[in-house]
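In: Test case, fold it:
(one chain, ligands or ions: 2)
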Amino acid sequence: MEASEETVRPHSIKRCLSGFELPKARMKGFRDWVFSQILSKSLVSSTPISVTSSFYDEGNQDEEDNEQGHSSSSVASPTSSASDLSYDGQSNQRISILPQVSDTEVFQSEDNVNGRRKDNLAKVEHLQIKFFRLLQRLGQSQENLMVPKVLYRIHLATLIRAGEPDLKRVNISSRRARAIAIQQEENGTPQLDFSCRILVVGKTGVGKSATINSIFGQAKTITDAFRPATNCIQEVVGTVNGLNLTFIDTPGFLPSSTSNVKRNKRIMLSIKRFIRKSPPDIVLYFERLDLMNSANSDLPLLKLMTEVFGTEIWFNTIIVMTHSSSPIPEGPNGYAVNYESYTSQCTNLMQHYIHQAVCDSRLENPVLLVENHPHCPKNIVGERVLPNGLVWRSQLLLFCICTKVLGDVNSILKFQNSVELGPASSARVPSLPHLLSTLLHQRPVSNPSGIDDEVEEILLSDMEEEDEYDTLPSIRILTKSQFEKLSKSQKKDYLDEMDYRETLYLKKQLKEDYRRRKEKLLLNEQQLLNSDNSDDQQAPPEPVLLPDMAVPPSFDSDCPTHRYRCFVADDQWLVRPVLDPQGWDHDVGFDGINLETTTEIKKNVYAMIVGQMNKDKQDFGIQSECSAAYVDPMGPTYSASLDVQSAGKDLICTVRSNTKLRIVKHNITDCGVSLMSFAKKYYVGAKLQDTLLVGNILKFVMSAGLMEGSRQVAYGGSFEAAIRGGDYPVRNDNLSLTATVLSFNKETVLSGSLQADLRLSRSTRATVSANLSSRGMGKICIKTSSSENLQIALVAVFSVLKALSRKRGANYTGKDVRD
Ligand SMILES: Nc1nc2c(ncn2[C@@H]2O[C@H](COP(=O)(O)OP(=O)(O)OP(=O)(O)O)[C@@H](O)[C@H]2O)c(=O)[nH]1
Ligand SMILES: [Mg+2]
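Out: Ligands and ions are numbered 1, 2, ... in the order given. Presented below is the predicted three-dimensional model:
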């Protein structure tokens, strides 16, 4: 038997055994859909969604009161700190405990004064004007990736909330707002009124107070290199570039350990009490970049924060990493690590911990690098510059503005409670049209020879013909120098001839491969028959070469490859460990198992099991499919399968049955039924599909089906016409046109799509896919690849860039900047 050293990453099940199609895409498809449904609700806010009430609510009141009983004097009330703090001489910069008014409230008060109610769109437009004015003041170019992202989210949010008559207004609002902002900044009126409340939290000594001082450019709070400096919650107020900033500086948490939990919780509860009346717009969570590594885990602290403040706190949190110019630690093998890769590694690690603390991996918190050391290099205007060239102070202000503006838009348009974080809840209901289209596009269990039915059909028809390749006269292969000596037309003829021969050779190979597989199947049948009669010696199974695993060049005890090996002891079962490099047990890293098998139980009866199971301290996940099929070589194929996969705390179980009939030679009829159970609801579906092959070139597929569940029914059907190139399946040129109709809830959606895969010349391929639906939505995608003619690629790149820049100039908001 072959030794296998291969490990599998989670959710990337690979196929090793041939014979059956592994329906992984389908297995994941439903889960993806569940999450996309939820995410689509948060269009405004994949990162900063304004905090919901539970972050500030009266929840845990009993607990807080209990804790308060024990609270030490280290966390003083805000009023006690005010007396220690003095004005700094500038009228607009002081440390005080002023109640803050949010911008939304400002709108409301203005509206009352004017005696008329501004509509929500006007409020959003007003915010956009402010946003553009602030960008000008910060000197932030609108090319900064954050800016179009924010504008795009505002645009989407307003589109969702706008009524039909307002759509035109929404589309031009951003351009209008920009023009007004420029005008207002030139005139200096009206006065820009923007305030922001920022809560800073993190472990002690990470540089929270130092960062506040750096932002204001003066020592407004006390810092200390040797002992905790901030002993009470205090507000630090000041103005930077016309922005009224209020920082809520808090005492630092102690490193996570069982003895510190109580103290940390006490600090958090007092912060929670402090912010209840006037909640912050933004939370800055501090970490030291130079001390980040997986051994120094912050997870318990992040979990405690989530427990005390609620998951919503993470919606508005920006992660700030101080000491970003300090020397970064060496890599595990003693070599220096590149700055960019170290920072992205730390960012990923931090995000991973937050995902674990929230039990949800959809959050994406912005990360900002900061350096407060007085000797940090500065640019000509005296701003601190990081080793990667970033001027962090203006970047931090920009992040704050963006978060605040999006938060305000969320509250104006009432999006606050549209997203719930946490493990998947069973309240989700799958969409029937989605389930139906999955059923219609499901491929039945394929032939055990491992070759597609249609390909088999073509190969069988070609089988009788003599291999054309063998009848070809021999040809002399030219060396490079000989080829160079040929004239242009001779070169072309030579290459055409080679191309022709290559196609014929590939055809021959495919046929031989098919013949071999068929013979093997026959041999197996024979052996089965013989073994019934006598105990003849069996031929040893063909060894399988498994892919090698990349092993680091030097020994590293942290690399599991050096410690764990696995063997394939039996070619019937393929069992592999699943490696999760970011799993809770970073020492071992394996927290799952992957299993695959295909076997012939009886003559013409095949069984297949494919599955993966992951288990760690919190989560248990399973994805598996068990199928059994009866394949009559001359006639029908009957199959049944059970598909089990986990979605959050629920299990999705699907039982399917399929019958494939070949009554007429070029016609394949496929009938299927499916029963799915999810969250105590059942969904039943049925489909009928007919495939007609006309020669080797034309193919027509018609299908119709329905899906029923939750007392609703979705109907649908599709028609596909495909033309293949003469050299199919060796050359995969094809053109297909599909029309689909889906009807659900008295609404019928028609859609059409085109897919073309063409070989334009010997070295150039083009793929075109386009679709359009009766809802007016569509997509077109053109891909070309060429191994020659670099100039074509350059022309393509140039024209795409030009089109993009023209579009950007015309309208920021119409573009999906997320890609
Ligand atoms: N080199 C370097 N030193 C920093 C940086 N940020 C803060 N420090 C230093 O770290 C020490 C602690 O900083 P503080 O701002 O007091 O830390 P803190 O997080 O407010 O601590 P607590 O108030 O105890 O919660 C001070 O001596 C700072 O000068 C940084 O980015 N780089
Ligand atoms: Mg401090």
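In: show me the contacts for Ile198.
Out: With contact set as CB atoms under 8 Å, 6 or more residues apart in numbering, Ile198 has these partners: Leu245, Thr246, Phe247, Ile248, Pro280, Asp281, Ile282, Val283, Leu284, Cys400. Any C-beta I mention is one placed from the backbone N, CA and C, and that applies to glycine too.
In: what about it, which SS state?
Out: strand (DSSP: H, G, I helix; E, B strand; the rest coil).
In: Distance from the helix or strand hosting Leu504 to the middle of the chain?
Out: Taking DSSP states H and E as the criterion, Leu504 maps to helix 488-533. Mean-position distance between helix 488-533 and its chain equals 41 Å (CA atoms, centre = their mean, to the nearest Å).
In: Take the contacts of Ile198 and keep only those in strands.
Out: Taking DSSP state E, the ones among the contacts of Ile198 that sit in strands are Leu245, Thr246, Phe247, Ile248, Ile282, Val283, Leu284.
In: and which of these is nearest to Ser677?
Out: Val283 (40.8 Å; CB to CB).
In: In the stretch 201-350 of the chain, mark out all the helices, start to finish.
Out: 208-216, 261-276, 299-309, 339-358 (DSSP state H, counting those that start in this stretch).
In: For ligand 2, which of those is the nearest?
Out: helix 208-216 (3.1 Å; CB to the ion).
In: Show me what the closest one is packed against.
Out: Here helix 208-216 is seen to pack against strand 195-202, strand 234-240, strand 243-249, strand 282-288, strand 317-322, helix 392-412 when contacts are counted using 3 or more CB pairs under 8 Å, 6 or more residues apart in numbering; DSSP states H and E.
In: Contact partners for Arg501?
Out: Tyr469, Leu472, Ile475.
In: To which secondary structure element type does the spatially most central residue of the chain belong?
Out: The centre of the chain sits closest to Arg362, judged by CA atoms, centre = their mean, with a distance of 8.0 Å. Under the three-state scheme (three-state DSSP), Arg362 adopts coil.
In: Ramachandran coordinates for it?
Out: Torsion angles at Arg362 (phi, psi; degrees, to the nearest 10) stand at phi -90, psi -10.
In: What pLDDT is listed against the residue in the stretch 101-250 of the chain that ligand 1 sits nearest to?
Out: Relative to ligand 1, the nearest point of the stretch 101-250 of the chain is Gly207 (2.6 Å; CB to the nearest ligand atom). Note on Gly207: pLDDT of 92.
In: for the one 5 residues further on, same thing?
Out: pLDDT for Ile212: 94.
In: ditto for Thr403
Out: 89.
In: Kindly confirm whether my reading is correct that it touches Ile318.
Out: Yes. Using CB atoms under 8 Å, Thr403 is in contact with Ile318, at 6.7 Å.
In: neighbour count winner among these two?
Out: A side-by-side neighbour count of Thr403 and Ile318, using other CB atoms under 10 Å, places Thr403 first with 27 against 20.
In: follow-up on the earlier one: closest one to Leu138 among the helices and strands packed on helix 208-216?
Out: helix 392-412 (5.3 Å).
In: That closest one near ligand 1 at all?
Out: No. Residues of helix 392-412 contacting ligand 1 under CB under 6 Å from any ligand atom: none, with a closest distance of 9.6 Å.
In: Any buried residues in that helix, and which?
Out: Across helix 392-412, burial judged by 16 or more other CB atoms under 10 Å covers 392-412.
In: tilt between it and strand 282-288?
Out: Interaxial angle of helix 392-412 relative to strand 282-288 (axes from the mean of the first three to the mean of the last three CA atoms, to 10 degrees): 140 degrees.
In: From the contact counts, what lies against the following helix or strand past helix 392-412?
Out: Once the chain leaves helix 392-412, the next helix or strand it forms, by DSSP H and E, is helix 432-440. Counting contacts by 3+ CB pairs under 8 Å, 6+ apart, helix 432-440 is packed against helix 24-41, strand 667-678, strand 681-694, strand 698-709, strand 712-724, strand 734-744.
In: follow-up on the earlier one: could you dump the helices of the stretch 201-350 of the chain into JSON lines and include mean neighbour count and distance to Val385?
Out: Output for the helices of the stretch 201-350 of the chain, formatted as JSON lines (neighbours: other CB atoms under 10 Å; distance: least, CB to CB, whole Å):
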{"stretch": "helix 208-216", "mean neighbour count": "24", "distance to Val385": "13"}
{"stretch": "helix 261-276", "mean neighbour count": "19", "distance to Val385": "32"}
{"stretch": "helix 299-309", "mean neighbour count": "19", "distance to Val385": "30"}
{"stretch": "helix 339-358", "mean neighbour count": "18", "distance to Val385": "13"}
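In: need the helix or strand of the protein with the lowest average pLDDT.
Out: Within the chain, no helix or strand scores below helix 78-82, which has a mean of 32 by mean pLDDT, DSSP states H and E.
In: quick revisit: now tabulate the helices of the stretch 201-350 of the chain in TSV and tack on distance to ligand 2.
Out: Output for the helices of the stretch 201-350 of the chain, formatted as TSV (distance: least, CB to the ion, whole Å):
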stretch	distance to ligand 2
helix 208-216	3
helix 261-276	12
helix 299-309	17
helix 339-358	20
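In: Make CSV from these and add distance to Ile601 to it.
Out: Shown next, in CSV, are those (distance: least, CB to CB, whole Å):
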stretch, distance to Ile601
helix 208-216, 66
helix 261-276, 56
helix 299-309, 47
helix 339-358, 43
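In: Could I get the contacting residues of Gly139?
Out: Ser394.
In: Select, out of the helices of the stretch 201-350 of the chain, the one closest to Glu747.
Out: Across the helices of the stretch 201-350 of the chain, closest to Glu747 is helix 339-358 (CB to CB), at 35.8 Å.
In: contact partners of the next helix or strand after that closest one?
Out: Reading on from helix 339-358 to the C-terminus, the next helix or strand found by DSSP H and E is strand 367-369. By CB under 8 Å, 6+ apart, the residues outside strand 367-369 that reach it are 289, 318-321, 324, 343, 347, 350-351, 386, 388, 390, 392, 395-396, 399.
In: Show me which positions of stretch 691-698 end up buried.
Out: In stretch 691-698, counting by 16+ other CB under 10 Å, buried: Thr691, Leu693, Asn696.
In: Stretch 362-378 now?
Out: For stretch 362-378, by 16+ other CB under 10 Å, it's Leu363, Asn365, Pro366, Val367, Leu368, Leu369, Val370, Glu371, Asn372, Cys376.
In: Work out the gap between it and the centre of the chain.
Out: 25 Å.
In: Give the rounded mean pLDDT of it.
Out: The model assigns stretch 362-378 a mean pLDDT of 88.
In: what about that stretch, near ligand 1?
Out: Yes. For stretch 362-378, a contact with ligand 1 is found by CB under 6 Å from any ligand atom, at Val370, Glu371, Asn372, His373.
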